[in-house]
Structure formats: structure tokens, C-alpha cells
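K.L.:
My questions are about this predicted structure, shown below with the sequence.
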Amino acid sequence: MPPADKPSPLAMVVLISGHGSNLQAIMDAIAAGKVPAEIRAVISNQPQAFGLERARRAGIPALVLDHRGFPDRESYDAALRDLIDRHDPGLVVLAGFMRILTPDFVGHYKGRLLNIHPSLLPAFPGLDTHRRALAAGVREHGASIHFVTAELDSGPVIIRGRVPVLPADDAATLAARVQRVEHRLYPLVIRWFAEGRLRMDDEGVVFDGRHLAAPLDLESCPDASLEHDGQDSQPPH
Ligand code: NHR
Ligand code: GAR
């Protein structure tokens, strides 16, 4: 191989269930040359997910594996794993994927399965986080990216992005503010993973050769140069 050859891009499969705005942010960052990765397939458990349309528009295979055709979680996850592994990914990304995954599935992708969760973990794991954050009266909310382990939303957290909670907020306005930081988080983290700067071991997250004592914070993390200019490629929602 000639020395000028670039390393091949990180192969990824992205799992979605819905709108796919995080998927869009990842695709846009790859297209802009900011993330050395390629999305080999997008898989949704929901046939109507708009994110499938986003993938098709970008020329990426958009696949549906509807959980309603399966008798239990184990059989669904076994089929999902087969479908994913046909694309031989080095990283599997949950981007608004709404199905809890079995320990077997999670174990198979140990260290190469990421999730974005709409809260400042460990606060508010699970569903309906924006409404729960408002009900609890917190002043700050946000999103976290973590390595997925068998225990829901409890895998080692890589980075968090904070937003203020404003007095006039309802769950929709708060969710929209959180999504703007979500769309910055995934491209950054996927780039680090693709560059070999990020991994998980039995003690937690290793970043640039050191264990993280606490999650990174988006506003004070390295490589802000990756950040786009603040113009979202799709309207907020
Ligand atoms: N699976 C494991 N094992 N560990 C995690 O950390 C996971 C996971 C699967 C998904 C995303 C997560 C989130 O970020 C995620 C993390 C779905 C549910 C849920 O209760 C909870 C958390 C997350 C995703 N899902 C319902 C279920 O019965 C279905 C809800 C629906 O279809 O709307 O699977 O919040
Ligand atoms: C995102 O806000 C993500 O954090 C959240 O769903 C949204 C998906 O948006 N994930 C979960 O709640 C996981 N349980 P998107 O489809 O537009 O990327």
C-alpha cells in the first residue's frame, strides 16, 4: 500500500426509531469531511421512521426490522444482530433507538456500541426525561453519550452537553434546546472513536490514553474545531 493512503474510514451501522435528526447531524459531519467514518446501513424498528427517508436521500441502505414480528426480545435481538453484522461495523450507534437491548446483544458489541440519552446522566435514565426534569425543578438539563452496557442508561459516560432550563419551558421547548447540543455531541464522539482516541475497558472510558475520572463536558472539551457554524441543517422540532 502506498504510504500516502489514508486509513480506511470507520464502518458504522446506525439504529433509529424516529425522526433521525441525530442521524442527519452525523451524515452531515461525514459529508463535510469532519468525521472519518461511513454509515453502511441505517436500521429502524419502526417502519414509518422519518430517519429512513433521510438515509435513502443520502444513498445509504435503509432497513426495517419491525419488532412486532417477533415473539420475544431475545429473538428480535438475535435477528437484529445478524442484520447488523452483515455490514461488519466497527461501531454501532443508537440514535433515538427506542428498544431496550438484551444482555447478549450488548455483550456482542461490547466497547463498540454507543447511545445518546437526553439527560445529564446519571440523572433521569429511562424515558420521558424532559418532562421529568421539569417536574423535578432542575436548573440544568442536557444530553449524554455513553457506551452501552446491559444496565439501561448506566454504561460509562463519555461526554455531556448542558443547557439551562428556562422558566417558560415546556417539555417541547426544552427538548428542542437539548437536541441542539445532541447534534454537536455525536459527530465529535464518533470522530474520536474513528481516530482511535476513545475506547471502553473494564474501568470505564479511556480517552487519549487516560481513564476519565468524570465525563467530559462539551463546552470545555478539546477539538471544538470540529464544531459547525451553528446553522442546523434541518429546522428544530
Ligand atoms: N439497552 C441496554 N441494554 N442498555 C442501554 O443503556 C440502552 C439499551 C437500549 C436503548 C437507549 C435508551 C435511552 O437513551 C437505550 C439504552 C428505550 C427505552 C425503553 O424503555 C429506555 C431507554 C432507552 C431506550 N423502551 C421501551 C421498551 O420496552 C419501549 C418504548 C417505546 O417503544 O416507545 O424497550 O433513553
Ligand atoms: C433524541 O433526543 C435522543 O436523545 C432520544 O430520542 C431523540 C431522537 O431524536 N433518545 C431517547 O430518548 C432514547 N430512549 P432523533 O430521532 O431526531 O435523532
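P.N.:
Arrived safely, thanks for sending. Ligands and ions are numbered 1, 2, ... in the order given.

K.L.:
Give me the number of neighbouring residues for residue 194.
P.N.:
The burial count assigned to residue 194 is 21, neighbours taken as other CB atoms under 10 Å. The way it works is simple: take the backbone N, C-alpha and C, and place the C-beta from them, glycine included.

K.L.:
would you list every one of the helices in the chain?
P.N.:
In the chain, helices defined by DSSP state H lie at 21-31, 50-57, 73-85, 103-108, 129-136, 171-194, listed in chain order.

K.L.:
Out of those, flag the one nearest ligand 1.
P.N.:
The closest of the helices of the chain to ligand 1 is helix 103-108. By CB to the nearest ligand atom, the value is 4.7 Å.

K.L.:
Let me have the helices of the chain in JSON lines, extended by mean pLDDT.
P.N.:
Output for the helices of the chain, formatted as JSON lines (pLDDT from 0 to 100):
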{"stretch": "helix 21-31", "mean pLDDT": "98"}
{"stretch": "helix 50-57", "mean pLDDT": "98"}
{"stretch": "helix 73-85", "mean pLDDT": "98"}
{"stretch": "helix 103-108", "mean pLDDT": "98"}
{"stretch": "helix 129-136", "mean pLDDT": "98"}
{"stretch": "helix 171-194", "mean pLDDT": "98"}
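
K.L.:
and this protein, which of its residues are near ligand 1?
P.N.:
By CB under 6 Å from any ligand atom, the residues of the chain that approach ligand 1 are 94, 97-101, 106, 115, 117, 126-127, 148, 150, 152-153, 155.

K.L.:
If any of those are buried, give me the ChimeraX selection for them.
P.N.:
Entered in ChimeraX, the line below selects the buried ones among those, by 16 or more other CB atoms under 10 Å:
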select :94,97,99,101,106,115,117,148,153,155
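
K.L.:
most packed of the helices of the chain?
P.N.:
helix 21-31 (a mean of 22; mean count of other CB atoms under 10 Å).

K.L.:
Counting by contacts, list what that helix packs against.
P.N.:
Counting contacts by 3 or more CB pairs under 8 Å, 6 or more residues apart in numbering; DSSP states H and E, helix 21-31 packs against strand 10-16, strand 37-44, helix 50-57, helix 171-194.

K.L.:
Could you show which parts of the chain are in contact with ligand 2?
P.N.:
16, 18-22, 51, 95-96, 98, 116-118, 143, 179, 182.

K.L.:
which one of those is nearest residue 134?
P.N.:
Lowest distance from residue 134 to the residues of the chain next to ligand 2 (CB to CB) belongs to residue 118, with 12.6 Å.

K.L.:
was I right about the closest one contacting residue 176?
P.N.:
No - because the distance of 11.1 Å does not satisfy CB atoms under 8 Å, residue 118 is recorded as not touching residue 176.

K.L.:
So the nearest residue to residue 17 once chain neighbours are set aside versus residue 46, what's the distance?
P.N.:
Closest residue in space to residue 17, ignoring its immediate chain neighbours: residue 98 at 4.1 Å, by CB to CB, 6 or more residues apart in numbering. Residue 98 sits 8 Å away from residue 46, going by CB to CB, to the nearest Å.

K.L.:
Thanks a lot, catch you later.
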